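>>> Test case, fold it:
(one chain, ligands or ions: 1)
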Amino acid sequence: MTSPLFLGSEIYRGSSYGGWHPLRVPRVSTVMDLSRAMGWLPAGQYRTSPRAKPKALTIWHTPDYVAALERAEAEQAVTDPVRDRHGLGTNANPIYPEMFRRPATAAGASLLAGELLAQGGTIYHPGGGTHHGFPDRAGGFCYLNDPVLSILSLRRAGAARIAYVDIDAHHMDGVQHGLAGDPQTLLISVHEERRWPFTGPIEDDGGGNCLNLPVPRGLNDTEMAAIRDRLILPALVAFAPDAIVLQCGADAVTEDPLSRLTLSNNAHWDIVAALKALGCPRLLVLGGGGYNPWSVGRLWTGVWATLNGHEIPERLPEAAEQVLRALRWDNPPKLGRNPPEDWFTTLRDAPRPGPIRPEIAERLAHLALRPATRGHIPE
Ligand SMILES: [Zn+2]
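As a prediction, this is how the structure comes out:
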């Protein structure tokens, strides 16, 4: 088995959606810098993501939309009809300098990942995971849908059965739109209930291949471990995929300003470790949400460590600490105004265990009875 490959890019460094947008914070560049400071990212394990050509995006996105997105970047403006029709130039999906190049780079990495995984392996692409993109419309900070593109690319390169697991705090609406009803693709989403985009109720099985688990605010590590052991792992084992795509959004931790879930980063790493241990021939791990520069950088660097089997030290060496101390969060919400010392000196959060609440146990029992959880997806 070859070593995991990290697909990154310098396009993410210094790119911002604007002074008050949640995506004004550095994310992928932090993971690259921290991983290098730890000695975890040798040149042989790193590859620069190619920017997808507009035509390559039209395997799922409409040519009209791709052209509108390119034009919006070039002109740094959109007309009212384009805003209404394609969701470009809105508060969530603003005009910003790299608004085509940056998502096209994330899409290019996802397309490349499918090809590189043809013979098997593990790829980490923290700039990916933009699960709210629709064929002809931007939404939820996403301009393109690189998870869907990765799945189509994996399929084109020979993976027949593909499982997609999404542990972002928000529902995978764009991915479900693209792949609901496909018996060769299993989609699992765990997301906060009563939160935007308000899709993905437990009853929504997407025609048989979707397992949606909305969870109440205050989700703890013990509950996430139960979700892993009673839902995610049994469904994956039963489905027996030849590729797994994990959308590992970092917005379900306590420190994130956009959700009310209260996981520690251990919950995410434990899921990554469990998926890796399944021994599926192809594993692609994407990023996703994550809006606190410290929690997202620490969580996603720990994902890379977990994929490689690196031990995470209790206290970071000086060079890594300097990366974290140099991060800036402009116009921070209250929780970011006085960063606690351990955001600079550690990667691992203290665990956040708790009781498994009855509604979570009941929902897991309910989903355990679904055919999809037992590997039976209707044609
Ligand atoms: Zn999210």
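
>>> since we're on the residue in the chain that the ion sits nearest to, how many residues are nearby?
Nearest residue of the chain to the ion (Cβ to the ion) works out as residue 289 at 2.6 Å. Every C-beta, even on glycine, is put in place using the N, C-alpha and C of the backbone. Residue 289 is flanked by 27 other residues according to other Cβ atoms under 10 Å.

>>> With the one 5 residues further on instead?
With neighbours defined by other Cβ under 10 Å, the count for residue 294 comes to 20.

>>> Next up, phi/psi of the residue nearest to it when sequence neighbours are not counted, please.
Closest residue in space to residue 294, ignoring its immediate chain neighbours: residue 343 at 4.1 Å, by Cβ to Cβ, 6 or more residues apart in numbering. Backbone torsions of residue 343, given as degrees, to the nearest 10, read phi -70, psi -20.

>>> circling back to that earlier point, now do the SS call for the residue of the chain closest to the ion.
Under the three-state scheme (DSSP: H, G, I helix; E, B strand; the rest coil), residue 289 adopts coil.

>>> which ones are touching it?
By Cβ atoms under 8 Å, 6 or more residues apart in numbering, the residues touching residue 289 are 129, 141, 168-170, 249-251, 256, 258-259.

>>> got it, and residue 143?
Contacts for residue 143 (Cβ under 8 Å, 6+ apart) come out as 69, 88, 93, 99-100, 103, 130, 133.

>>> can you pick the most crowded of those residues?
Once you tally neighbours by other Cβ under 10 Å, residue 133 ends up highest among the contacts of residue 143, having 32 neighbours.

>>> Which pLDDT value belongs to it?
The score at residue 133 is 98. That number is its pLDDT.

>>> pretty sure it contacts residue 142?
Yes: contact between residue 133 and residue 142 holds when scored by Cβ atoms under 8 Å: they sit 4.1 Å apart.

>>> so what sits against both of those two?
The contact sets of residue 133 and residue 142 overlap at 103, 174 (Cβ under 8 Å, 6+ apart).

>>> which sections of the stretch 251-379 of the chain are below the confidence cut-off?
Low-confidence regions of the stretch 251-379 of the chain, defined by pLDDT under 70, are absent; no residue qualifies.

>>> The ion contacts on that one?
Proximity of the stretch 251-379 of the chain to the ion is confined to 251, 289 under the rule Cβ under 5 Å from the ion.

>>> Over to the stretch 51-200 of the chain?
Counting by Cβ under 5 Å from the ion, the positions of the stretch 51-200 of the chain adjacent to the ion are 168-170.

>>> Mind putting those residues into a markdown table with secondary structure?
As requested, these are arranged in a markdown table below (three-state DSSP):
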| residue | secondary structure |
| --- | --- |
| 168 | coil |
| 169 | coil |
| 170 | coil |
